[in-house]
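In: Can you look at this prediction? I've put the sequence above it.
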Amino acid sequence: MAVWLFATHDLHVVIASRGRPRDLVGTQRVSRNEAVGGEETALTLDRARPGAVRRVGMGGVEKARVRIISRYAPGASVVLHRGDCLDLLSTLPAGVARLVITSPPYNLGKVYERRRSLEAYLADQARVIAECTRVLADDGSICWQVGNHVDAGEVFPLDILLYPFFKRHGLVLRNRIVWHFEHGLHCARRFSGRHETILWFTRADYVFRLDPVRVPQKYPGKRHYKGPRAGELSCHPIGKNPGDVWMIPNVKHNHVEKTLHPCQFPVELVERLVLALTDRGDLVIDPYMGVGSTAVAALRHGRRTVGAEIDPRYVRVARTRVRALAEGRLRTRPLGRPIYTPSPGQAVVRRPHAPALTDAPA
């Protein structure tokens with residue numbers, strides 16, 4: 001009995017067959033030991049929900065397998081590289097990525113980075129952006145999610161500082177998306193930061209799928225009140241454009257996705273961009289993958305993923321999360337879930353006593 005591995009839009013499918021599957025392309029014959037060895041997890045495709053997977057017992061006939069490798073290979077579903085992103089990017093052919101999405105370090109001296117001069121940091125970013133542009137498809141997108149660099153109390157907006165590096169490669173800024181969240185450090189000498197930005201760049205041609213990321217209408221029952229369409233619904237029946245200000249909770253201590261990473265990407269943020277800017281089977285690259293949130297979002301929706309991370313602890317977590325996703329065990333915040341608002345009766349909402357006002361006007 002021969003075992004064949006072939007690339008699909010739903011990770012890898014493994015079929016036990018007496019001959020080569022005739023209705024599939026890009027197949028590869030492997031030994032039985034190879035098919036069941038390595039970092040692979042048995043799954044079956046859920047035909048009722050495209051892109052979804054679930055565990056099956058040993059008696060299953062059609063199974064999918066997630067195989068995590070550390071070096072780029074054409075057609076690979078999951079590449080999680082431990083090492084510098086430039087080393088990984090240099091091995092990729094030009095034009096292979098439909099989407100490059102990442103959140104680089106902000107040069108703040110966090111546990112996962114070494115603080116340098118702002119000039120040295122920007123020079124390093126320029127090199128990575130150049131390589132990301134090289135591997136970008138002609139109709140691909142680059143999404144660079146950044147916040148602020150802070151030095152001696154002065155704020156340096158990284159999106160403004162990085163913008164010229166993308167423009168020098170002829171890229172076009174399509175949106176400057178504001179990601180708003182409600183929790184973070186409380187500042188005493190300036191207003192607390194509660195937003196970061198996502199710069200979305202493309203070439204002249206690009207992919208944009210609005211329907212998969214539409215959000216509920218504010219007034220779904222609103223109708224035209226005059227003209228030839230009077231009485232008809234005036235809004236799009238499946239929802240509205242989410243706009244360029246996104247309210248998505250950041251990953252703090254009580255977040256369902258929280259790991260050891262101090263500045264973790266919420267999967268929901270990546271999912272919206274993956275669904276809007278790629279198609280099934282496309283390659284999504286994250287040069288600063290951290291604990292693999294981009295990989296989770298890409299694989300969940302039938303995309304392939306490549307990521308690099310220098311910290312071995314984060315690479316191990318990323319591998320664990322990918323395997324948990326494949327086995328149906330990974331918990332994430334559902335895409336589009338409304339922001340939680342406590343009810344008035346909860347103890348945390350009730351003020352125990354009136355606060356003392358300082359510097360109140362006379």
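Out: Here it is on my side, so go on.
In: how much space between R174 and Y206?
Out: Distance of R174 to Y206, computed by C-beta to C-beta, to the nearest Å: 7 Å. Every residue, glycine included, has its C-beta placed from N, CA and C.
In: overlap in contacts of those two?
Out: When contacts are counted by C-beta atoms under 8 Å, 6 or more residues apart in numbering, R174 and Y206 have S141 as shared neighbours.
In: can you pull the contacts of the closest residue to V215 other than its chain neighbours?
Out: Excluding the flanking residues, the one nearest V215 by C-beta to C-beta, 6 or more residues apart in numbering is P242, at 4.7 Å. By C-beta under 8 Å, 6+ apart, the residues touching P242 are V213, R214, V215, R272.
In: send the alpha carbons of whichever helix in the chain runs longest over as PDB?
Out: Counting by DSSP state H, the longest helix found in the chain is helix 118-134. Extracted as PDB, the C-alpha positions of helix 118-134 are listed here (Å, rounded to 0.1, in the frame of the first residue of the first chain):
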ATOM      1  CA  LEU A 118      17.100  54.700  17.000                       C
ATOM      2  CA  GLU A 119      19.300  55.100  13.900                       C
ATOM      3  CA  ALA A 120      20.600  51.500  14.200                       C
ATOM      4  CA  TYR A 121      17.100  50.200  14.800                       C
ATOM      5  CA  LEU A 122      15.700  51.900  11.700                       C
ATOM      6  CA  ALA A 123      18.600  50.700   9.500                       C
ATOM      7  CA  ASP A 124      17.800  47.100  10.600                       C
ATOM      8  CA  GLN A 125      14.200  47.600   9.800                       C
ATOM      9  CA  ALA A 126      15.100  49.000   6.400                       C
ATOM     10  CA  ARG A 127      17.000  45.800   5.600                       C
ATOM     11  CA  VAL A 128      14.100  43.600   6.700                       C
ATOM     12  CA  ILE A 129      11.500  45.600   4.700                       C
ATOM     13  CA  ALA A 130      13.700  45.400   1.600                       C
ATOM     14  CA  GLU A 131      13.700  41.600   1.800                       C
ATOM     15  CA  CYS A 132      10.000  41.400   2.600                       C
ATOM     16  CA  THR A 133       9.300  43.500  -0.500                       C
ATOM     17  CA  ARG A 134      11.500  41.200  -2.600                       C
END
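In: Okay, now the sheet partners of whichever helix or strand comes after it, with direction.
Out: The C-terminal neighbour of helix 118-134 among helices and strands, as given by DSSP states H and E, is strand 136-146. Sheet pairing of strand 136-146 (DSSP bridges) gives strand 97-102 (parallel), strand 195-202 (antiparallel).
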